[in-house]
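1. Have a look; sequence and predicted model below, questions after that.
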Amino acid sequence: MSVQPPREEMLTRLLAGDVVHASSPGSSANMTCIITSIDETAIHARRLIVPRDYIFDRRTGAEVEGGDAVIDSIEPLPIDVYNQIMWLDRKSRLSWDLTKAKLSPADKNALLFLSDHYEKNQLLPLGASVVSPQVNG
């Protein structure tokens, strides 16, 4: 049985270009974010499709500067889903022709995959302590 490392350790593994999921209390919104940069104290991310930037605390994953979102999953996506998400982000940011920005069947499939994937692969909650498995011997 493997034990998940503390969230602080998991968050230090993130790099620009990684895709993470965040949630906000009282909201069921899918907050899939692409990390744009990281510095000593902060994780800078852009929300997929919705044009919003977030700054998360590098140690806790909690949003700073007035928000209540928290990074709750950093589980890597399968490469085909990751590539589709990158394409969707690029298309939604750069396309001026709304007919080209419509969701394709592949876009829809990738978005449908995200919710279940991140729900099943949560980081330990903020403030949770890691309990090592007991070894009887």
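-> Yep, it's here. Residues are numbered from 1 along each chain as shown.
2. Mind picking out the helix or strand in this structure with the poorest mean pLDDT?
-> helix 7-11 (a mean of 90; mean pLDDT, DSSP states H and E).
3. any chance you could map the strands in this structure?
-> 19-23, 31-38, 42-47, 53-57, 70-73 (DSSP state E).
4. Quick one: the ones you listed as a markdown table, columns for mean neighbour count, distance to residue 123 and mean pLDDT too.
-> Every C-beta, even on glycine, is put in place using the N, C-alpha and C of the backbone. As requested, these are exported to a markdown table (neighbours: other CB atoms under 10 Å; distance: least, CB to CB, whole Å; pLDDT from 0 to 100):
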| stretch | mean neighbour count | distance to residue 123 | mean pLDDT |
| --- | --- | --- | --- |
| strand 19-23 | 23 | 9 | 95 |
| strand 31-38 | 19 | 14 | 96 |
| strand 42-47 | 20 | 13 | 96 |
| strand 53-57 | 18 | 12 | 96 |
| strand 70-73 | 22 | 6 | 94 |
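5. Figure out which of those strands is closest to residue 103.
-> Closest approach to residue 103 among the strands of the chain (CB to CB): strand 31-38, 14.0 Å.
6. which other helices and strands contact the closest one?
-> strand 19-23, strand 42-47, helix 79-94 (3 or more CB pairs under 8 Å, 6 or more residues apart in numbering; DSSP states H and E).
7. what residues does the least confident helix or strand of the chain touch?
-> 4, 43, 58-61, 71, 74, 123-126, 128 (CB atoms under 8 Å, 6 or more residues apart in numbering).
8. again, but for stretch 45-57
-> So stretch 45-57 is contacted by 19-20, 22, 31-36, 41-44, 62-65, 67, 69-71, 85, 88-89, 92-93 (CB under 8 Å, 6+ apart).
9. what's near enough to touch residue 111?
-> With contact taken as CB under 8 Å, 6+ apart, residue 111 is in contact with 30, 88, 103.
10. quick revisit: mind putting the helices and strands packed on strand 31-38 into JSON lines with distance to residue 9?
-> Listed next are the helices and strands packed on strand 31-38 as JSON lines, based on distance: least, CB to CB, whole Å:
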{"stretch": "strand 19-23", "distance to residue 9": "15"}
{"stretch": "strand 42-47", "distance to residue 9": "14"}
{"stretch": "helix 79-94", "distance to residue 9": "23"}
